[in-house]
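Trainee: Return atomic coordinates for the entry below.
(one chain, ligands or ions: 1)
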Amino acid sequence: MIIAIDGPSGVGKGTLAKLLAKKTGYEYLDTGALYRAVTLYMIEKGIDCDDKDSIINQITNISDNELLKLTANPKIREEEVSINVSKIAVYQEVRDFLYDFQVNFSKNPKGAILDGRDIGTVICPDADIKLFITASPQVRALRRHKENKEKGLESDYQEVFRQLKARDERDASRNIAPCKPADGAIIIDTSNLSREQVLEKAMKIIKNKS
Ligand code: CDP
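Mentor: Down below sits the predicted model:
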């Protein structure tokens, strides 16, 4: 069983995916963390994320082990990575590099849940269940802002909103693997729903399918 969960930034995909993994026992992959890991790797090497040639030159030097290690590094959540990640995510070579890792993960016999931007469209077009999670940009920015404050990070709502819109625009308008609902995806708007309500909706969809 493969569950593909896509949607824009700050929409609660990760929260939902983790709760679903707990309920179902399927393995969970946060694919955004892979893109963030590559971004951190480049930043630490002193490579500018707008410098496509250098990124492409370096990317194949990253081993699967190193990639996994980087995904566990808390630095991947820091602002510098958040600002740069959608720049490197537009390069086809970066997406190709991460493709096999994601497809292999999706074949886990225990069942797999992957969240990202292109899981239902590119990585797992034959997923058993495809969910596209949305919420208004205001709601998403407010959630991110609250999350930052809870983590004790400095946060300015207007700035969070501006960055989120900029990333949305880059992710949705790129030619390669843009963030959009896959064919057959079920859209869940979480603007007015609690975590529990979103989980309940998703579990109903899964039960109906299995
Ligand atoms: O933290 P947030 O939910 O905002 O984003 P994320 O899931 O950590 O993903 C970070 C960035 O990686 C996105 O803004 C996309 O540019 C890129 N990404 C992608 O292109 N394809 C994916 N499957 C996952 C992430």
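
Trainee: Quick check: which helices or strands does the longest helix along the chain pack against?
Mentor: Assignment by DSSP state H gives helix 157-173 as the longest helix of the chain. Under the contact criterion of 3 or more Cβ pairs under 8 Å, 6 or more residues apart in numbering; DSSP states H and E, helix 157-173 touches helix 79-88, helix 137-150. C-beta coordinates here come from the backbone N, C-alpha and C atoms, glycine included.

Trainee: Would you tell me which one of those helices is buried the most?
Mentor: Stretch with highest mean neighbour count among those: helix 79-88 (a mean of 18; mean count of other Cβ atoms under 10 Å).

Trainee: orientation of that one relative to helix 157-173 in degrees?
Mentor: Computed by axes from the mean of the first three to the mean of the last three Cα atoms, to 10 degrees, the angle separating helix 79-88 from helix 157-173 equals 20 degrees.

Trainee: close enough to count as contact, Arg140 and Ile133?
Mentor: No. In this structure, Arg140 is not within contact of Ile133 by Cβ atoms under 8 Å, at 10.2 Å.

Trainee: how about the strands of this structure, start to end?
Mentor: Along the chain, the stretches classed as strands by DSSP state E are 2-6, 27-30, 112-116, 129-134, 186-189.

Trainee: Please list the residues of this structure that sit near the ligand.
Mentor: Counting by Cβ under 6 Å from any ligand atom, the residues of the chain close to the ligand are 9-10, 31-32, 35-36, 85-86, 89, 116-118, 167, 171.

Trainee: hmm, 8 Å instead?
Mentor: Within the chain, the positions adjacent to the ligand are 6, 8-11, 13-14, 30-36, 39, 77, 82, 85-86, 89-90, 95, 98, 102, 114-119, 123, 144, 164, 167, 170-171, 177, 179 by Cβ under 8 Å from any ligand atom.

Trainee: The residue nearest to Pro125 when sequence neighbours are not counted: how many residues sit nearby?
Mentor: Leaving aside its chain neighbours, Pro125 sits nearest to Ala182 (6.8 Å; criterion: Cβ to Cβ, 6 or more residues apart in numbering). Using other Cβ atoms under 10 Å, the number of residues around Ala182 comes to 20.

Trainee: which stretches of this structure have low pLDDT?
Mentor: Scanning the chain for pLDDT under 70 picks out no residues.

Trainee: any idea how far Asn175 lies from the ligand?
Mentor: Remark: distance between Asn175 and the ligand (Cβ to the nearest ligand atom, to the nearest Å) = 12 Å.
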